[in-house]
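>>> sequence and predicted structure are below.
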Protein chains: 2
Amino acid sequence: MHGRNHTAQVLRFGQEFFLLDCGEGTQHQLQRFKIKSSKISAIFISHLHGDHYLGLLGLLSSFHLSKRTQPLSLFGPKGLDEILTTHFRWSHTQLCYPLTFVPTQDQEKQVLLDQPRYSLSSFPLSHRIPTTGFLFQEKAGPRALIKEKVLENKLPVAAIQRLRSGEDYLDASGERFRSEDLTYPLPKLRSYAFCSDTAFDERLVPYLQGVDLLYHEATFMEAEAKRAADTYHSTAKQAATLALLCGASTLLLGHFSSRYVDLSNLLSEAQSVFSNSLLSEEGKTYALPLHHE
Amino acid sequence: MHGRNHTAQVLRFGQEFFLLDCGEGTQHQLQRFKIKSSKISAIFISHLHGDHYLGLLGLLSSFHLSKRTQPLSLFGPKGLDEILTTHFRWSHTQLCYPLTFVPTQDQEKQVLLDQPRYSLSSFPLSHRIPTTGFLFQEKAGPRALIKEKVLENKLPVAAIQRLRSGEDYLDASGERFRSEDLTYPLPKLRSYAFCSDTAFDERLVPYLQGVDLLYHEATFMEAEAKRAADTYHSTAKQAATLALLCGASTLLLGHFSSRYVDLSNLLSEAQSVFSNSLLSEEGKTYALPLHHE
């Protein structure tokens, strides 16, 4: 409604594309915003309410019709596998690419992907049915060498790897070359959290401490706080309060009720608590640039 | 693709609204074209390929969220009930309106709705999985009186009903008043057939004899006839041939492959066989006006 679609976000890290939730119409939105859906290597579904996953069956079918071959990982609540299996059985579809399903659980934090440069975890949200958020955390890569200093000290190749990994190097004479003197400071590691549908819940804070960009639903304004509580959703003020409590850098608001045509009041309400609040918009990219500390 | 959506059609007869197929995004299209989806009393699903039904779960959920109370009838292949039940079980949804599911069968014609002014039937199509078309047939209503003649003959109220139903009236003296002299001719009864996904199949002709408006898929052009046969789809020329064989008045083409950006050649191909061919377009209304024979 009002040009707003059901929840779906593409999280990109380097050449890795992840899809977070997949509401109805997601495949059309991907086309519209010229995102090559074939690049998506993993899909994460927060919960099984229709507005967060009903585009999945169409997207998986389109991958099949476009003869995808690369494997796809799917993470989501128990039951999603049964829903998919039922659909594919009745439509007589045998997917032509490998699809791996990993069920999430909604009791505690769970690492879903653990890669050298990042991890992706789920953590419990507070909603009417089992629901998880997702947390992307960048990991430190090798440190960048200060080339002139390395050359100046005529260090051997063996030293380079130690220095780049953050360890000091001792040469045969016992002289110590400190990694922090010969490499640039590491950039601040970036993180992104996705809280799709949830009541305001302080128990989320430990999972989200210091997150750079926090997406938190803000279905209602504070005037509808009772309705928000009854339906296990949040108000803009509550989303902002959570951003404050966990020390987020930026808050991205979303999942707005269709009762709000103009969202400026909703944004103001959040900004009155947490000034660095933004509205999520269809097709917009929110970048997390590298910063050196 | 190219602004074309998955299959869904609204069939309107008086104040009755029916939905034929419900591809992904149908609820958004209904909003976009300002069709009150709450008016839809029955939904007909031709088969369980995603592009013909994946919008159904979202639409049924939206009916629930908008607190629909009026009953809804759903007709579609066996298996659709299991797909819906699985989704509603995992999303913990108890629909707040009565939903009746009637399975269709794909072996012979089956009357699904039989009302005083119309009937709606399914009939088998020729596709990779069980698939039916749908046929709407108007029935004759009461005849309209030629008021001056009725008044001139001073006919009693009892005569009126007989004459309107098409029967003659004999008065006490035995004089015969012929219905066809005292009423206007009936308008031609209208019919509409919906052939969603099918190979070219002459066995469809008996179901479609003399249909006013025939919607027939034309996924490919004749140059792709082999591919059409392999995938149990039709070419534009085949759709036109079928329209010719069954004596349709107008042919409406649809379900175009995304390989065709411009559809004018596809239309020309159909028109070379059956001149009264049209392309179906998003949001367009195809009226069947009343005609007196």
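Noted; the coordinates are in hand. Numbering: from 1, shown residues only, chains lettered A, B, ... in the order given.
>>> quick one: contacts for A:L95?
By CB atoms under 8 Å, 6 or more residues apart in numbering or on different chains, the residues touching A:L95 are A:L60, A:F63, A:H64, A:F88. C-betas here are computed from N, CA, C, even on glycine.
>>> what about the closest residue in space to A:L252 that isn't next to it in sequence, distance to chain B?
Spatial nearest neighbour of A:L252, excluding adjacent residues (CB to CB, 6 or more residues apart in numbering or on different chains): A:Y215 at 4.4 Å. Using CB to the nearest CB, to the nearest Å, A:Y215 is found at 22 Å from chain B.
>>> Three-state assignment for A:Y215, please.
Under the three-state scheme (DSSP: H, G, I helix; E, B strand; the rest coil), A:Y215 adopts strand.
>>> isn't it right up against A:H255?
No. The pair A:Y215 and A:H255 does not pass the contact test of CB atoms under 8 Å, sitting 9.2 Å apart.
>>> which one of the two has more residues nearby?
Taking other CB atoms under 10 Å in any protein chain shown, A:Y215 and A:H255 do not tie; A:Y215 has more neighbours (28 against 24).
>>> got a pLDDT number for the more buried one?
Per-residue confidence for A:Y215 comes out at a pLDDT of 98.
>>> so it versus A:H6, what's the distance?
The gap separating A:Y215 from A:H6 is 15 Å, by CB to CB, to the nearest Å.
>>> could you do A:A159 as well?
A:A159 is 54 Å from A:H6, by CB to CB.
>>> give the contact list for A:K39.
A:Q15, A:F17.
>>> and A:T132, by the same measure?
A:S46, A:H47, A:P77, A:T104, A:Q105, A:D106, A:Q110, A:S122, A:F123, A:P124, A:L125.
>>> not including adjacent chain positions, what is the nearest residue to A:L11?
Leaving aside its chain neighbours, A:L11 sits nearest to A:F18 (4.5 Å; criterion: CB to CB, 6+ apart).
>>> can you report how many residues lie near that neighbour?
Neighbour tally, A:F18, other CB under 10 Å: 23.
>>> need the per-residue pLDDT for it.
98.
>>> next one: A:Y97
At A:Y97, pLDDT is 97.
>>> dihedrals phi and psi, it?
The phi/psi pair for A:Y97 (degrees, to the nearest 10) reads phi -130, psi 160.
>>> for the closest residue in space to A:E202 that isn't next to it in sequence, give its distance to chain B.
Sequence neighbours aside, A:L245 is the residue nearest to A:E202 in space, at 6.5 Å (criterion: CB to CB, 6+ apart). With distances taken as CB to the nearest CB, A:L245 is found 29 Å from chain B.
>>> count of neighbours near whatever residue of the stretch 151-293 of chain A ends up closest to chain B?
Closest to chain B within the stretch 151-293 of chain A is A:S258: 9.7 Å, counting by CB to the nearest CB. Around A:S258 there are 11 other residues, counting by other CB under 10 Å.
>>> can you report how many residues lie near the residue nearest to A:E202?
A:L245 has 14 neighbours, counted by other CB under 10 Å.
>>> show me where the stretch 101-250 of chain A has helices.
Along the stretch 101-250 of chain A, counting by DSSP state H, counting those that start in this stretch, helices occupy A:147-152, A:157-164, A:179-182, A:205-208, A:225-230, A:236-245.
>>> dump those helices into a markdown table; add distance to A:D114 as well.
Output for the helices of the stretch 101-250 of chain A, formatted as a markdown table (distance: least, CB to CB, whole Å):
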| stretch | distance to A:D114 |
| --- | --- |
| helix A:147-152 | 31 |
| helix A:157-164 | 21 |
| helix A:179-182 | 25 |
| helix A:205-208 | 16 |
| helix A:225-230 | 35 |
| helix A:236-245 | 26 |
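>>> quick one: closest of the ones you listed to A:C96.
With CB to CB as the criterion, A:C96 lies closest to helix A:205-208 of those, at 37.1 Å.
>>> hmm, who's touching the closest one?
Residues from elsewhere that reach helix A:205-208 (CB under 8 Å, 6+ apart): A:K109, A:F123, A:G133, A:L135, A:A193, A:L214, A:L242, A:L245, A:C246, A:A248.
>>> just give the closest residue to A:K237, not the sequence neighbours.
Nearest residue to A:K237, sequence neighbours excluded (CB to CB, 6+ apart): A:E222, at 4.5 Å.
>>> residues in contact with that neighbour?
A:E222 makes contacts with A:T235, A:A236, A:K237, A:Q238, A:E269, as judged by CB under 8 Å, 6+ apart.
>>> which one (most neighbours) among these?
When neighbours are counted by other CB under 10 Å, A:A236 leads those with 32 neighbours.
>>> rewinding a little: so the residue nearest to A:L11: helix, strand or coil?
Going by three-state DSSP: A:F18 is strand.
>>> who wins for neighbours among the contacts of A:T132?
Going by other CB under 10 Å, A:S46 tops the contacts of A:T132 with 30 neighbours.
>>> list the contacts for that residue?
Counting by CB under 8 Å, 6+ apart, A:S46 touches A:7, A:20-21, A:52, A:76, A:125, A:131-134, A:194, A:196-197.
>>> is it true that it lies in a helix?
No. Counting by three-state DSSP, A:S46 falls outside a helix, being coil.
>>> measure it to A:C246 for me?
Between A:S46 and A:C246 the distance, using CB to CB, works out to 18 Å.
>>> can you check A:A228 too?
Separation of A:A228 from A:C246 (CB to CB): 19 Å.
>>> look at those two and report which has more neighbours.
Counted by other CB under 10 Å, A:A228 and A:C246 do not tie: A:A228 has more neighbours, with 24 against 20.
>>> now that one: closest residue in space, sequence neighbours ignored.
A:F220 is the one closest to A:A228 (CB to CB, 6+ apart), at 4.5 Å.
>>> next, count neighbours for the one you found.
26.
>>> tell me where the stretch 1-150 of chain A has strands.
Ranges of strands in the stretch 1-150 of chain A, per DSSP state E, counting those that start in this stretch, are A:8-13, A:16-22, A:40-44, A:72-77, A:99-104, A:110-115, A:118-124, A:132-138.
>>> other SSEs contacting the second one?
For strand A:16-22, the elements it packs on are strand A:8-13, strand A:40-44, helix A:50-53, helix A:56-65, judged by 3 or more CB pairs under 8 Å, 6 or more residues apart in numbering or on different chains; DSSP states H and E.
>>> now swap in the shortest one and tell me
Strand A:40-44 sits against strand A:16-22, strand A:72-77, strand A:118-124, with contacts defined as 3+ CB pairs under 8 Å, 6+ apart.
>>> quick check: phi and psi at A:T198.
Per-residue torsions, A:T198: phi -160, psi 150 (degrees, to the nearest 10).
>>> who are the contact partners of it?
A:T198 touches A:L125, A:S126, A:H127, A:T131, A:G133, A:L204, A:H216, A:E217, A:Y232, A:H233, A:S234, counting by CB under 8 Å, 6+ apart.
>>> list the contacts of the nearest residue to the last one once chain neighbours are set aside.
For A:S234, the nearest residue in space outside its immediate sequence neighbours is A:F200; the separation is 5.0 Å by CB to CB, 6+ apart. Shown in contact with A:F200 (CB under 8 Å, 6+ apart): A:S126, A:A228, A:S234, A:T235, A:Q238, A:A239, A:T241, A:L242.
>>> ok, and the closest non-adjacent residue to A:S62?
Of all residues not flanking A:S62 in the chain, A:Q27 sits nearest, at 5.5 Å (CB to CB, 6+ apart).
>>> what count of nearby residues applies to the one you found?
By other CB under 10 Å, the residues close to A:Q27 number 22.
>>> measure the residue nearest to A:Q9 when sequence neighbours are not counted to chain B for me?
Spatial nearest neighbour of A:Q9, chain neighbours left out: A:L20 (4.4 Å); criterion: CB to CB, 6+ apart. Distance, A:L20 to chain B, using CB to the nearest CB: 18 Å.
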